[in-house]
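Novice: what's the 3D shape of this:
(chains A and B)
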Amino acid sequence: MQRHEQAVWNETSSEGYEPLLSEKDRTTIDVEFEELPDELTRESLELPALSEPEVARHYTRLSQMNYGIDSGPYPLGSCTMKYNPKFTEDVAARSEAAVHPDRPEEAVQGTLQLYHELQEYLGRIGGMDAVTLQPPAGAAGEFTGILVAKAYHERNGDGERRSEVIVPSSAHGTNFASAAMAGYDVVELPGDDDGRVDLEALRSAVGEETAALMLTNPNTLGLFERDIEEIASVVHDAGGLLYYDGANLNALLGRARPGDMGFDIMHYNVHKTFATPHGGGGPGAGPIGVTEELEPFLPSPQVEARNGTYELVEPEHSIGKVHGAMGNWLVLLKTHAYIRRLGDAGLRDTSAKAVLNANYLASQIDLEIPFGPFHHEFVASAGERDAAEFAKRMLDYGVHPPTTKWPEIVPEALMTEPTEAESKTTLDQLAAAFNAVADEDEETIAAAPETTSARYIDQTSAARSPRLSWHALSDDA
Amino acid sequence: MSYHTQLSRTEETETESTGSPFAPHTEADVEAMLRAVDAESVEELFDVPNSVRFDGEFGIEAASEREVVRSVVETLGRNESATEFLGRGHYDHYVPSLVDHLADRSEFLTSYTQYQPEITQGFLQALFEYQSLLVELTGLEVANCSMYDAATALGEVATLSRRARSVTGDRVLVPDALRDERRAVLENYVGGTALAVEEYPTAAGVVDPDDLEDALDDDVALVYVENPTTTGLIQDRLEAVGELLAADDVLFCLGSDPIALSLLRTPASIGADAVIGDASVLGLGTAYGTSLGLFACKEEYLRQVPGRLVGASRDESGRRAYTLTLQTREQHIRRERATSNICTNQAWVALRTAIHAAVLGPDGLLDLAKECHRLPEVLARELDAIEGVSAPVRDGYHFREFRATVEPDATELVSELYAEGFAVHAIDADTIQVCVTDANENRAAELVTAITEVLD
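Specialist: Below is the predicted model:
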């Protein structure tokens, strides 16, 4: 059984762990500047004043109190935490890549060529006719896609009437929020008994108010929506559009394409499927692909190739912009390099190994795992135990736990996605961690975690009296 | 066998792989795993109807790491090499080496959002310190741990004004000199609400409180002012603007950045309710627009803040620890009633910004800000001495950049400067804009020479 002790930096006398920069030093300087009138400048500035070696040590210690995919397995369901190749970081760090966004197109032909190539790659991978790289994250992609749908309906004189977006109850929270941000009423679609879209419920939910249905496939239970063609025709017959949430695309790379299933719009989470690092929460990128019919509505500008040069072009009925520049370019550059490295064979093998890993891991775990057959992920049930507590105890076995308590259709859900990047040995370690916790008594589980930098953290009191900066901490003292 | 033959052999072997180089399975592993799941082949595991199976090819050829790096770097090389004197909302400053080395530590870079705080204390603390930096710089009580960029942060503050109970009205007022991109993004963010975006007149972005007052009425929900302006001017009447907007039912949002804020009047002291901007001026540089949206506001709007917040709490041992907090505002819990749809954000850029600020410290940060005022003043004087150039266009105090009128043709001048290896903004037929910071000041003298020669 694997164990792991995370670094803990503290002083016995201190009330916290590694002290804050502001506790190591807090220097107040007067802001005096003869070249500007006093009324234009601030009076003072109070910030830590540490030497470079001290700063290096501070952040190195903080990194030791953190866990990344290079530390160990990270099987968060629907998050696709896979190994992030390092060469893509070097490519993105090149000075030639770090140009100003206002450069004229003739001065950034290299950048635009890579943009154009990535638009093409993603179009082929998703089976879509046109791709924009502008949305800076998956949720931004959803928002952009729904704005495209809205502009399309408005163009058809159908904007007022089509006021609803349908979202399955098991969908990612962002789907609901993105549709609402675009001004739509959200209609929640209940699932059927086998965890998939309930066709009857869908038929009664769609109508002339329907602007779009947002769907994840495979869904958050890891199940492929077998009736996808029927779903597409129900939505299309009612005049609605079908939106594909790309969070789970890793399961289908080179095996099936949203465009071929009847989806009109999709987003890609490149920080999931295409291995760009999550960076502790971002940046990612959420390009969207659309059918030919929707291409004129894409954000501006698109990159087009004409006679070997690349141009920035405003689509005819463009929705405008969803990011102040061209999106998270450095992330897109890493995506490009990753796709090139894998090629057709590597992409196809990615989905093969991702699905094999999920199925193998599911077969090794002594917990109830309802539904199936699974693709890239599965949802185990912690049964009588609290899934959140179960997860905390898994931390003590040197692994990151799965996503917990979601989707709600599985009681005490442990949503698990190992990705293709874990070896059989690591999967066996993961399964051993699941099984060890499943066998433990409630007391042991409730006392967890013991091996992490911090012990169990009280999140309720953090929300009750929010302390959001070191200023708020010193006010307490 | 020659050296070259050997080399091509190696490359051939490298590209011969039929699978992902990042999937560690041996053939024996695959066989054992298939046996465990009772399947003959991996294909069998895909529960995908034949009618939607994809049997085609993408036409993307796999390549070795060396080949990919070579090819991408070669393509990037098609970008013209030029020293940029470009700004207008996207700024380059020298980023200390330590920032790369620390932020690239894979425990940071390859970690996920901190939904398990006990094992991600390091990143949470760094984000808490980033929030603290912004609280110090703005004087406001709350800062979130990132938006995508300044444009989307502006969109978010507009929708916040819609939700905040004290704020009423449907009009969002922005300066006529606002960057087109920020305006366009804002329009999309308010598109799902009753808010309408309108311009108020400025002198190249500089607010005249009397003109602003004329544009105000009971129906105004939000007024947005940038300091410094997109044209590089420091606002000189913000206090009067703050007094004008002191009423509770109007939200006063200031656009700025962490370097400017370390020198200029704090937003809190002139009555701003919120601050947005591009925080990546520390930590990242222009990076073709990859950015970091700064978002700070008064505590009274806390429950309406978009995005993630890190708060201090205690762990079971009684020690202080950090956790994501007030998550009931967010999409994964509140769904369609969330304050925003943002999930994945720019956390790693925020880490870089925090490290850069820590390396500089208060003195370094203030010195950098002072340089941002001095450098454009000096360069403007030098350009003004050239026949056919008048700089700066407007009197006032500059920050990083300024405008200059040139004769006979600004567009022509700018394209000839490109040929000489310098990038400068052409604003209109007779105006250029020049941005100078610690990142390009070493070539400022050469720029002066180039402009002199081109115009000669």
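Novice: Please make it C-alpha for all contacts and neighbour counts, starting now.
Specialist: Will do.
Novice: Count residues in the vicinity of the closest residue to residue A:213 other than its chain neighbours, would you?
Specialist: Among residues not flanking residue A:213 along the chain, residue A:166 sits closest, at 4.7 Å (Cα to Cα, 6 or more residues apart in numbering or on different chains). Residues lying near residue A:166 (other Cα atoms under 10 Å in any protein chain shown) number 27.
Novice: any idea which helix or strand comes after the helix or strand in which residue A:166 is found?
Specialist: Using DSSP states H and E, residue A:166 maps to strand A:164-168. Sequence order places helix A:173-181 as the next helix or strand after strand A:164-168, per DSSP H and E.
Novice: Distance from that following helix to the middle of the chain?
Specialist: 14 Å (Cα atoms, centre = their mean, to the nearest Å).
Novice: Alpha carbons of that helix, as PDB, please.
Specialist: The C-alpha trace of helix A:173-181 is given here as PDB (Å, rounded to 0.1, in the frame of the first residue of the first chain):
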ATOM      1  CA  GLY A 173     -23.000  23.600 -13.600                       C
ATOM      2  CA  THR A 174     -21.400  25.800 -16.200                       C
ATOM      3  CA  ASN A 175     -24.000  24.800 -18.800                       C
ATOM      4  CA  PHE A 176     -26.800  26.300 -16.700                       C
ATOM      5  CA  ALA A 177     -24.900  29.400 -15.900                       C
ATOM      6  CA  SER A 178     -23.700  30.000 -19.500                       C
ATOM      7  CA  ALA A 179     -27.200  29.800 -20.900                       C
ATOM      8  CA  ALA A 180     -28.500  32.100 -18.200                       C
ATOM      9  CA  MET A 181     -25.800  34.600 -18.800                       C
END
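Novice: Is that helix positioned near chain B?
Specialist: Yes. Helix A:173-181 comes into contact with chain B (Cα under 8 Å from any Cα of the partner chain), by way of A:173, A:174, A:175, A:176, A:177, A:178, A:179, A:180, A:181.
Novice: And for residue A:307, the neighbour number?
Specialist: 6.
Novice: Show the low-confidence segments of chain B, by residue range.
Specialist: B:1-18 (pLDDT under 70).
Novice: Break it down into its structural domains.
Specialist: Chain B breaks down into these domains under automatic domain parsing: B:3-74, B:83-93+B:362-455, B:97-355.
Novice: what sits against the residue of the stretch 351-456 of chain B found nearest chain A?
Specialist: Closest approach between the stretch 351-456 of chain B and chain A, counting by Cα to the nearest Cα: residue B:361, at 4.6 Å. In this structure, residue B:361 makes contact with A:47, A:48, A:49, A:50, judged by Cα atoms under 8 Å, 6 or more residues apart in numbering or on different chains.
Novice: can you tell me which of the residues you listed are in strands?
Specialist: residue A:47 (DSSP state E).
Novice: The contacts of residue B:361 also near chain B: which ones?
Specialist: A:47, A:48, A:49, A:50.
Novice: burial count for the second one?
Specialist: Right, the one you point to is residue A:48. 24.
Novice: Could you do the last one as well?
Specialist: Other residues lying near residue A:50 total 21 when counted by other Cα under 10 Å.
Novice: Over to the third one?
Specialist: Residues within reach of residue A:49, counting by other Cα under 10 Å, total 23.
Novice: Any figure for the gap between it and residue A:325?
Specialist: Residue A:49 sits 34 Å away from residue A:325, going by Cα to Cα, to the nearest Å.
Novice: try residue A:342
Specialist: 28 Å.
Novice: Ok, residue B:186 next?
Specialist: Distance, residue B:186 to residue A:325, by Cα to Cα: 13 Å.
Novice: can you check residue B:380 too?
Specialist: In terms of Cα to Cα, residue B:380 sits 28 Å off from residue A:325.
Novice: The two: who's more crowded?
Specialist: residue A:325 (26 against 23).
Novice: For that one, which non-adjacent residue is spatially closest?
Specialist: residue B:289 is the one closest to residue A:325 (Cα to Cα, 6+ apart), at 5.1 Å.
Novice: what are the phi and psi values for that neighbour?
Specialist: Main-chain torsions, residue B:289, degrees, to the nearest 10: phi 100, psi 0.
Novice: Show the contacting residues for it.
Specialist: By Cα under 8 Å, 6+ apart, the neighbours of residue B:289 are A:100, A:101, A:324, A:325, A:326, A:327, A:328, A:329, B:90.
Novice: Sticking with the last one, tell me its helix or strand.
Specialist: Read it as residue B:90. Judged by DSSP H and E, residue B:90 forms part of no helix or strand.
Novice: show me the contacts for the closest residue to it other than its chain neighbours.
Specialist: Leaving out its chain neighbours, the residue that sits closest to residue B:90 by Cα to Cα, 6+ apart is residue B:286, at 5.6 Å. Taking Cα under 8 Å, 6+ apart as the criterion, residue B:286 is in contact with A:98, A:99, A:100, A:101, B:90, B:91, B:92, B:280.
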